[in-house]
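S.K.: Mind looking at a prediction? Sequence and model below.
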Amino acid sequence: MNREEFLQRIRQELSDLPLADLEPSLDYYREMIADRMEEGIPEEEGVAALGDPRVIAAEIRATLSESGAPAGKGHSRLPGWAIVLLAVGSPLWIAAAAVLLAVYITLWAVVVVFWAAELCLGVGALCGLVCFLLLLFQGHWAQAVLLLGGSFLCVGLTVLWHMGTLAGTKGLIHLTGWCGRKCLEGFR
């Protein structure tokens, strides 16, 4: 028996299964035969070494049953009423997904704004120190001391702001990972 006859017999034994569920298994045996032929084994011997197509078909059926693939009932794992509810409710699901996406984007926008505010505080502290030096060399002592105090205030606020912004960013990253894991678990 050649490769195509062998695969055809397996298809016949599993004719009640959807071809899409069966095709990966057929590809596997097709590849096994090709590998044996590359090793120099004649095609008929390579096919014979695999065994009886009926036994292989029974093994494939058992494997598909264990993996949860439906046996001879199409691709749907959901009852008809659930499919109807999903179809009718799809606008609600789409709207809910859009709202969640908008909330997520808004949270990241807030984080970006906080980082921008921290940058502004830091730049303000640096500019205050430069202006302090300029006023000091021009002899405006009172204004220079006032700017030095404002610069120190900006430095302190920058450090405090940084701790809060960093904690918020890490929290949002953890929330993103948690939501991603929950979504992936839902699809398994």
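M.R.: Received, thanks.

S.K.: Using the record's assignment, carve the protein into domains.
M.R.: The chain breaks down into these domains under automatic domain parsing: 3-66, 80-187.

S.K.: Using TSV, please lay out those together with mean pLDDT.
M.R.: Converted to TSV, the domains of the chain look like this (pLDDT from 0 to 100):
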stretch	mean pLDDT
domain 3-66	86
domain 80-187	90
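
S.K.: Please work out which of those is packed deepest.
M.R.: Neighbour counts (mean count of other Cβ atoms under 10 Å) averaged over each of these peak at domain 3-66, with a mean of 15. Every C-beta, even on glycine, is put in place using the N, C-alpha and C of the backbone.

S.K.: Residue 123: helix or strand, and which one exactly?
M.R.: Element membership of residue 123, judged by DSSP states H and E, is helix 80-138.

S.K.: Relative to its centre, which residue of the protein is most distant?
M.R.: Residue farthest from the centre of the chain, counting by Cα atoms, centre = their mean, is residue 139 at 61.3 Å.

S.K.: ok, that residue to residue 118 distance?
M.R.: With distances taken as Cβ to Cβ, to the nearest Å, residue 139 is found 34 Å from residue 118.

S.K.: Residue 90 now?
M.R.: In terms of Cβ to Cβ, residue 90 sits 42 Å off from residue 118.

S.K.: Residue 130 now?
M.R.: According to Cβ to Cβ, residue 130 and residue 118 sit 19 Å apart.

S.K.: again, but for residue 153
M.R.: 14 Å.

S.K.: Residue 175 now?
M.R.: Distance of residue 175 to residue 118, given as Cβ to Cβ: 21 Å.

S.K.: do the same with residue 104
M.R.: When distance is defined by Cβ to Cβ, residue 104 is 22 Å away from residue 118.

S.K.: what do you get for residue 63?
M.R.: Residue 63 is 56 Å from residue 118, by Cβ to Cβ.
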